[in-house]
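[1] Sharing a model that was predicted from the sequence below.
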Amino acid sequence: MSRDVMTFDERLRRLTRKHRRMANGVIYRIGADGLIQSHPRRRAPRFPLQGLAILFAAAFLFKGFLYASLTPVVYDERVALLEQGTIVERAGAWMMQPDPATVWLGAMLAPLLR
């Protein structure tokens, strides 16, 4: 097969694949040169980074609320009690350790709770 036929077949293969992907939807973009270009819509869902960030923020807010509602001494006692339990409880104790963000958030929430 000659080189021209191979490049033509490759172009045809790429166009067919792009056409099949465009059956799921098309996104139009204006390029730097002012031309409107069509691109296939992404099929696979993206990883929900915003949802993950909200989950982490809610977990820190919950830890801060617990740290503020319980006194730091009682909070440390309960975490120490969890450290002596099963593997799941030990994992929970590791996650509930008072870190600087939890202590700061607990100090901010303490006046609101009392």
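    Cool, the structure landed.
[2] Counting neighbours, what do you get for residue 17?
    For residue 17, the neighbour count with other C-beta atoms under 10 Å is 11. C-beta coordinates here come from the backbone N, C-alpha and C atoms, glycine included.
[3] Wait, a helix at it?
    Yes - assigned with DSSP: H, G, I helix; E, B strand; the rest coil, residue 17 falls within a helix.
[4] what's the pLDDT at it?
    pLDDT for residue 17: 89.
[5] Tell me the buried residues in the helix or strand containing residue 106?
    Taking DSSP states H and E as the criterion, residue 106 maps to helix 100-113. Residues of helix 100-113 classed as buried: 102, 103, 105, 106, 109, 110 (neighbour count, 16 or more other C-beta atoms under 10 Å).
[6] Stretch 25-45 now?
    residue 40.
[7] Give me the residues contacting the helix or strand encompassing residue 88.
    Per DSSP H and E, residue 88 falls inside helix 87-95. Identification of contacts with helix 87-95 by C-beta atoms under 8 Å, 6 or more residues apart in numbering yields 59, 79, 80, 82, 83, 85.
[8] So which of the residues you listed are in helices?
    Residues from those lying in helices, with DSSP state H as the criterion: 59, 79, 80, 82, 83.
[9] Just the buried ones among those, please.
    For these, buried by 16+ other C-beta under 10 Å: 79, 82.
[10] ok, so of the ones in helices among the contacts of helix 87-95, who is nearest residue 48?
    Comparing those against residue 48 with C-beta to C-beta places residue 59 closest, at 15.7 Å.
[11] tell me the pLDDT at that closest one?
    Looking at residue 59, the pLDDT reads 92.
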